[in-house]
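Student: next comes the sequence, and after it the predicted model I'd like to discuss.
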Amino acid sequence: MTLRDAEVIELLQDKPELLAIADAVSATQQGSAQPRRRRRIVVRSALVLAAAAAVLTGVLAAPQGQPAIIGRALAAIGTGRILHLVTETPSGIVYVDLKTGRRTAPFIRDELWVDQRGNRFHLVVSENGRVLGDLLWPADAKSGAKAGTLGPAFAALWTGYRAALASGAAAVAGRGTIEGHSVYWLRFEPTTQDQRLPRKERPTTEVAVDAHTYKPIVFRTSVNGRHLDQRVLLARTIPFRPAEFKRRGPSLFAGSSSSGGTSTGPVNPNQPPSTLVRAPWLTAGTTVAGLKLRAATPLTATSNNAGKHTSIKGIELVYGAYQFGGASALSTTIDELPRPDDPHAWSQIPAHAIQIETSEETTSSQSVAHPKLRNSTHAIWTGKLKAEGLYVTITTAKGEHALLTIARSLHRPST
């Protein structure tokens, strides 16, 4: 992450703990090669939680003369030294039982303690009661974690909220109902940095405050018509207690030497690819979900954990698009391994269920008819399941229904 606005640093000079959070998040993004999903969850949790804490800290710092609702919100939080915040955010994945169709969507729980007097904070990120990462500052700085440059989004959020409250740019947007609560919506104007973005890309942030208790219920961040809600389970200030600043799980910086990936081949692009699938590998058939099997190629998955290199041989089936001797960005692929490349991550997937995660991918294309490079963004569905003793990853742009159809069609070939 890079800093583009020197004024932001100046505004943050009186808040060293905020610089520490931003630095720690930056270091986690740049220096860690943890499994992709865990890293994304931890980083997203830290950033969204920092934004949430920014709103509360801004409210705590609101001067006299702010609207009565903001004043009551301030009173509801309290005036203690430590800001204590507990929130839940959708993890971005869903488990679907392939037999019953039952869906389960886990949440990421974030718990944060910030000492408003000095450079001290503690962030614990967990899922289903299991701690994914623990960030304790300044202890993690002493253990060798290096500070990165301050991200403009993070800095703009924090300083923008404080400035918005001080200038009156934060306003009561109206009333509504959310999760059975009658609420006031507090809306924060886009920061100067965000205003430079195209209008549809400007993030907006709102806080739903209970109309009776004036405590925050939800933090909502919206971009281009889509929003992410973070449920607020607890928001208060408390006296300083040393026990709140003791580590409760593995450091977010632990395991940063882990890396891995997959590769296919070799494939001769001048020859028709083989579509032969033999046991113990699985197939979804010659045609599934309207897609034809185009290739069955060798697959190698590699991982390097704390200097220990491992290599696992498997197979990749390519359905639908196939070009230049391999799968294209819009191909549907089925990767199969005889053992897990990331045992801990695979152990979280329930029996008879598939773990589904969606993401977006941008591809570039050009042709003789359209020589100008064109970019297009499309959704990708990734499913992971354990079947017949194999560890299977399905990737498709055809949607969740196609993904589930493929998963339920997997079987060992008869010959």
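Tutor: Received the coordinates, thanks.

Student: for residue 200, phi and psi?
Tutor: Main-chain torsions, residue 200, degrees, to the nearest 10: phi -70, psi -20.

Student: what sits closest to it if chain neighbours are left out?
Tutor: residue 224 (4.9 Å; CB to CB, 6 or more residues apart in numbering). C-betas here are computed from N, CA, C, even on glycine.

Student: and that neighbour, how many neighbours?
Tutor: Neighbour count for residue 224, taken as other CB atoms under 10 Å: 11.

Student: that one contacts residue 198, doesn't it?
Tutor: No: Residue 224 lies out of contact with residue 198 (CB atoms under 8 Å); the separation is 9.4 Å.

Student: residue 110 belongs to a strand?
Tutor: Yes: per DSSP: H, G, I helix; E, B strand; the rest coil, residue 110 lies within a strand segment.

Student: per-residue pLDDT, it?
Tutor: Note on residue 110: pLDDT of 87.

Student: you'd agree it is up against residue 123?
Tutor: Yes: between residue 110 and residue 123 there is a contact at 6.9 Å, judged by CB under 8 Å.

Student: just the pLDDT at residue 217, thanks.
Tutor: Note for residue 217: predicted pLDDT of 90.

Student: the helix or strand containing it pairs with which strands?
Tutor: Using DSSP states H and E, residue 217 maps to strand 216-223. The strands that strand 216-223 pairs with in its sheet are strand 204-210 (antiparallel), strand 226-238 (antiparallel) (by DSSP bridges).

Student: need the winner for burial among those strands.
Tutor: Comparing the strands paired with strand 216-223 by mean neighbour count (mean count of other CB atoms under 10 Å), strand 204-210 ranks first with a mean of 22.

Student: what's next to that strand, contact-wise?
Tutor: 51, 55, 69, 73, 157, 161, 173, 176, 178, 181-188, 190, 215-223 (CB atoms under 8 Å, 6 or more residues apart in numbering).

Student: likewise for stretch 93-110?
Tutor: By CB under 8 Å, 6+ apart, stretch 93-110 touches 37, 41, 45-46, 48-49, 85-91, 123-128, 132, 233, 349-350, 352-357, 385, 404, 407-408.

Student: returning to that earlier point: the strands paired with strand 216-223: which one's closest to residue 394?
Tutor: Among the strands paired with strand 216-223, strand 226-238 comes nearest to residue 394, with 24.7 Å by CB to CB.

Student: pLDDT of that closest one, averaged?
Tutor: Averaged over strand 226-238, pLDDT sits at 86.

Student: stretch 134-151 now?
Tutor: Averaging pLDDT along stretch 134-151 gives 61.

Student: ok, residue 302 to residue 342 distance?
Tutor: Residue 302 is 12 Å from residue 342, where distance means CB to CB, to the nearest Å.

Student: now the terminal residues of stretch 393-400, how far apart.
Tutor: Stretch 393-400 has an end-to-end distance of 14 Å (criterion: CA to CA, to the nearest Å).

Student: buried stuff in it?
Tutor: 393-398, 400 (16 or more other CB atoms under 10 Å).

Student: any stretches of the protein with poor pLDDT?
Tutor: 1-67, 118-119, 142-170, 189-194, 253-260, 265-269, 305-307, 324-326, 364-370, 415 (pLDDT under 70).

Student: care to break it down by domain?
Tutor: The record's domain split for the chain, according to automatic domain parsing, is 6-245, 259-409.

Student: ok, which stretches of the stretch 201-350 of the chain are helices?
Tutor: 343-347 (DSSP state H, counting those that start in this stretch).

Student: hang on, isn't residue 238 packed against residue 77?
Tutor: No: with contact defined as CB under 8 Å, residue 238 does not count as touching residue 77 (10.4 Å).

Student: count of residues packed around residue 196?
Tutor: Residues lying near residue 196 (other CB under 10 Å) number 13.

Student: residue 283 too?
Tutor: Neighbours of residue 283 using other CB under 10 Å come to 23.

Student: look up how far residue 413 lies from it.
Tutor: For residue 283, the distance to residue 413 - CB to CB - is 5 Å.

Student: between those two, which contacts overlap?
Tutor: By CB under 8 Å, 6+ apart, the residues touching both residue 283 and residue 413 are residue 277.

Student: where do the contact lists of residue 224 and residue 198 overlap?
Tutor: What both residue 224 and residue 198 touch, as defined by CB under 8 Å, 6+ apart, is an empty set.

Student: now do the SS call for residue 402.
Tutor: Residue 402 ends up helix, using three-state DSSP.

Student: that one: how many residues sit nearby?
Tutor: Neighbour number of residue 402 under other CB under 10 Å is 20.

Student: what lines up beside the helix or strand where residue 125 lies in the sheet?
Tutor: Element membership for residue 125 (DSSP H and E) is strand 121-127. Here strand 121-127 is paired, per DSSP bridges, with strand 107-115 (antiparallel), strand 130-137 (antiparallel).
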